[in-house]
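Visitor: build me a model from this:
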Amino acid sequence: MQNLNSRRFTLKALTAAVALTGLSALPSHAQSGGTIKVGILHSLSGTMAISETVLKDTVLMAIDEINAKGGVLGKKLEPVIVDPASNWPLFAEKTKQLLGQDKVSVIFGCWTSVSRKSVLPVVEEMNGLLFYPVQYEGEELSKNVFYTGAAPNQQAIPAVDYLMSKAGGGAKRWVLLGTDYVYPRTTNKILRAYLKSKGVADKDIDEKYTPFGHSDYQTIVADVKKFSQGGKTAVVSTINGDSNVPFYKELGNAGLKAKDVPVVAFSVGEEELRWASVRLFCCSQRRPSGSPSKGRGQSVFTADSSSGCRMWRWGSKLPTAWLPGACARRLPRCGPWPAGPAAWC
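Guide: Next up is the predicted model:
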């Protein structure tokens with residue numbers, strides 16, 4: 001679902017990004033051959049490929065749809081794909097290549113904040129335009145970057161509020177588990193301060209980090225299980241990339257169920273959950289408070305690998321239709337539909 005929503009947004013963002021510049025503002029090299037060049041800067045190899053390859057495919061799908069409708073301002077879009085290979089300094093080098101050598105008009109790219117921060121000085125110096133597609137830690141603003149994802153006050157804090165509520169299980173203890181880089185550390189710093197403001201003691205907050213590509217979560221999951229014996233516990237996961245796969249597998253191996261120790265995660269998509277053996281409930285979007293329920297689109301889903309995906313739309317009754325398709329083939333077993341799905345999103 002995250003990828004379906006991402007495709008819709010990318011389709012609109014691509015059109016807007018190119019149209020905003022206006023053809024008269026585009027350098028002639030960006031229009032060569034009757035096309036407008038669009039840079040795609042996502043890791044196709046390394047630890048982040050599991051997450052970013054799907055984003056590359058999403059941009060290509062959006063470009064195909066736009067071109068099928070005639071392009072933008074009479075020009076077809078031409079994708080220019082590079083592979084920064086989950087190497088943060090290489091992100092900067094590939095950005096220089098896209099802007100300086102390939103002469104793209106806009107870049108869609110990055111996943112991790114460390115890659116974005118590597119790219120930032122380059123796009124600012126060369127006056128490029130970057131669309132950054134996922135949630136981030138905030139505390140950064142640039143006229144050369146469109147930050148399209150949620151900041152912690154829009155995503156992580158509402159998730160914690162729900163898990164603290166009666167409907168969310170009334171968590172009293174917290175495991176803040178993330179990959180060791182700027183987004184998880186900054187988000188968890190914000191969450192720790194927020195939890196303390198809600199009366200949660202330091203002894204009831206366990207903060208853990210693992211490196212990119214970490215694969216052995218046996219000890220960490222055992223620690224989580226032991227920690228949960230001290231009271232109702234929830235895990236806030238900011239694990240990124242292919243480390244999600246062994247983490248969720250180990251949760252299943254340890255017998256940790258969502259009703260006992262719920263996990264809320266902000267950096268997972270279909271690919272990361274493909275091989276997970278645990279039962280999951282997935283949420284892709286939070287409806288803003290006070291916004292109309294009608295027409296909000298697909299927001300929450302469960303899936304069954306043999307049947308398809310069961311969808312729920314804002315303002316509708318509980319889902320009744322099973323939709324076969326990519327999600328059915330890509331996702332493993334997802335948990336039974338929870339009571340009151342609106343409470344989750």
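Visitor: what are the phi and psi values at Asn127?
Guide: Dihedral pair for Asn127: phi 50, psi 50, per degrees, to the nearest 10.
Visitor: now it: closest residue in space, sequence neighbours ignored.
Guide: In space, and not counting its chain neighbours, Asn127 is closest to Asn144: 6.8 Å by C-beta to C-beta, 6 or more residues apart in numbering. C-beta coordinates here come from the backbone N, C-alpha and C atoms, glycine included.
Visitor: quick one: the one you found and Leu130 touch, right?
Guide: Yes. Judged on C-beta atoms under 8 Å, Asn144 makes contact with Leu130 at a distance of 6.3 Å.
Visitor: helix/strand/coil for Lys208?
Guide: Judged by DSSP: H, G, I helix; E, B strand; the rest coil, the three-state class of Lys208 is strand.
Visitor: what's the burial count for it?
Guide: Lys208 is flanked by 17 other residues according to other C-beta atoms under 10 Å.
Visitor: next, the contact list for it, please.
Guide: 175-178, 220, 223 (C-beta atoms under 8 Å, 6 or more residues apart in numbering).
Visitor: looking at Asn144 and Leu130, which is more packed in?
Guide: Leu130 (27 against 17).
Visitor: Pro211 contacts Ile239, correct?
Guide: No. If you go by C-beta under 8 Å, Pro211 and Ile239 don't touch, sitting 10.9 Å apart.
Visitor: which one's more surrounded, the two?
Guide: Higher neighbour count among Pro211 and Ile239: Ile239, with 28 against 10, using other C-beta under 10 Å.
Visitor: how far away is the more buried one from Leu176?
Guide: Look at Ile239 and Leu176: by C-beta to C-beta, to the nearest Å, they are 11 Å apart.
Visitor: Ile220 now?
Guide: Shown here: Ile220 relative to Leu176, a distance of 12 Å by C-beta to C-beta.
Visitor: what do you get for Gly34?
Guide: Going from Gly34 to Leu176 by C-beta to C-beta gives 51 Å.
Visitor: higher neighbour count, the two?
Guide: Between Gly34 and Leu176, counted using other C-beta under 10 Å, the more crowded position is Leu176 (24 against 10).
Visitor: can you tell me the SS state at that one?
Guide: The three-state label given to Leu176 by three-state DSSP is strand.
Visitor: what's the per-residue pLDDT of it here?
Guide: At Leu176, the pLDDT value in this model is 98.
Visitor: what about the helices in this protein?
Guide: Listed in chain order, the helices of the chain (DSSP state H) span 2-21, 49-68, 88-96, 113-125, 156-164, 182-197, 218-227, 244-253, 270-273, 326-330.
Visitor: what angle sits between the fifth one and helix 182-197?
Guide: Right, helix 156-164. Angle, helix 156-164 to helix 182-197, by axes from the mean of the first three to the mean of the last three C-alpha atoms, to 10 degrees: 50 degrees.
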